[in-house]
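A.B. asks: I'll drop the sequence and a predicted model, then ask my questions.
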Amino acid sequence: TVLVTLADGVLQLVLNRPDKLNSFNEEMHMALRAAFERAHSDNSVRTVLLTGAGRGFSAGQDLGDRDPRKGGPAPDLGHTLETFYNPTLRLIRSLSKPVICAVNGVAAGAGANIAFACDIVFAARSAKFIQAFSKIGLVPDAGGSWHLARILGEPRAKALALTAEPLTAEQAAEWGLIWKAVDDEKLLETAHALALSLAKGPTRGLGLTKQLIQAAATNSLDQQLDLERDYQREAGRTKDYAEGVTAFLEKRPANFRGE
Ligand code: LHQ
């Protein structure tokens with residue numbers, strides 16, 4: 001359900017249930033989570049690239065899995081979040097390596113919000129983002145209520161979540177929800193080129209940069225200045241920093257090793 005390949009430091013993850021628009025069943029949840037666990041522990045992974053197979057990125061939770069017409073007690077959706085979505089969201093955000101997302105088509109419900117949790121998001125011009133939750137009586141999850149409110153502010157976050165109106169890739173880029181909208185046929189090569197380039201970068205410095213920017217969400221300026229001091233101290237001790245400065249002085253490209 002998730003195709004995983006590692007080449008040149010890029011761990012590419014392709015959500016692969018195209019006939020169900022890559023909606024999440026338990027198997028796909030576990031596969032995605034295992035892939036991000038590997039990204040944490042495997043030093044040869046220096047960047048992650050997440051995308052979807054077929055015409056959609058992901059339609060969120062597989063609703064066929066929880067058909068109320070089949071009877072039985074109401075499902076505990078909190079348990080679904082605690083067991084499946086939240087660990088994966090935390091793994092994406094805590095991974096000290098860049099996570100690039102290439103949204104190849106519609107991203108609905110938790111599918112949209114997983115994309116927003118990634119570090120650099122490209123979307124095909126034809127892709128749409130839909131906070132589909134309100135259509136079925138649910139609330140935004142997979143970090144969506146946090147990301148939308150933080151990035152867009154309350155007026156736009158509330159309107160998107162309450163109406164479930166589709167947001168185009170262009171508008172998402174204009175509003176700062178994603179990095180760039182790109183022509184459909186250029187999506188994967190654009191995202192992959194950036195992934196390759198970041199995978200050749202000073203991985204520890206890039207990881208600290210990601211964590212630093214995320215920490216700004218909850219820190220005061222004073223706390224953030226302290227954190228910049230601490231992380232810069234750490235970055236300054238890496239071999240890649242020494243290589244970066246040496247390469248600059250020798251007027252040649254740096255050969256970073258992620259150390
Ligand atoms: C699907 C799905 C789908 C199964 C398309 N499931 N089959 C929820 C509950 C529990 C715990 C906590 O978290 C969550 C989080 C959530 O993500 S809730 C939100 C769940 N997602 C949705 O409500 C979106 C439902 N899907 C749609 O509204 C549409 O499919 C969109 C707008 C995404 C795409 O529309 P179209 O391009 O017109 O495609 P389609 O509707 O024809 O879908 C294609 C096929 O994929 C179709 O199957 P079929 O056998 O008829 O060809 C759909 O049934 C299937 N599919 N989404 N979530």
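C.D. replies: Cool, the structure landed.
A.B. asks: For burial, what's the neighbour tally of whatever residue of the stretch 101-250 of the chain ends up closest to the ligand?
C.D. replies: Of the residues in the stretch 101-250 of the chain, the one nearest the ligand is residue 109, at a distance of 2.6 Å by C-beta to the nearest ligand atom. Glycine gets a C-beta too; all of them are placed from N, C-alpha and C. By other C-beta atoms under 10 Å, 26 other residues sit near residue 109.
A.B. asks: List the contacts of it.
C.D. replies: Residue 109 is in contact with 59, 60, 61, 130, 131, 132, 133, 141, 142, counting by C-beta atoms under 8 Å, 6 or more residues apart in numbering.
A.B. asks: Around the fourth one, count how many other residues there are.
C.D. replies: Spelled out, that is residue 130. Neighbour tally, residue 130, other C-beta under 10 Å: 20.
A.B. asks: swap in the last one?
C.D. replies: Look at residue 142: counted by other C-beta under 10 Å, it has 26 neighbours.
A.B. asks: I figured it hits residue 114, correct?
C.D. replies: Yes: distance between residue 142 and residue 114: 5.5 Å, which falls inside the contact criterion (C-beta atoms under 8 Å).
A.B. asks: any residues in contact with both of these two?
C.D. replies: 85, 89.
A.B. asks: So which residues of the stretch 51-200 of the chain form helices?
C.D. replies: Ranges of helices within the stretch 51-200 of the chain are 77-80, 86-94, 110-117, 144-152, 154-163, 169-174, 187-199, based on DSSP state H, counting those that start in this stretch.
A.B. asks: got TSV for those, with mean neighbour count and mean pLDDT too?
C.D. replies: Listed next are the helices of the stretch 51-200 of the chain as TSV, based on neighbours: other C-beta atoms under 10 Å; pLDDT from 0 to 100:
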stretch	mean neighbour count	mean pLDDT
helix 77-80	13	97
helix 86-94	17	98
helix 110-117	26	98
helix 144-152	18	98
helix 154-163	15	98
helix 169-174	19	98
helix 187-199	19	98
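A.B. asks: Go through those and name the closest to residue 224.
C.D. replies: Ranking those by their distance to residue 224 (criterion: C-beta to C-beta) puts helix 144-152 first, at 15.6 Å.
A.B. asks: Do that closest one and the ligand come into contact?
C.D. replies: No: taking C-beta under 6 Å from any ligand atom as the criterion, helix 144-152 and the ligand are apart, separated by no less than 9.1 Å.
A.B. asks: That concludes my questions; thank you for your assistance.
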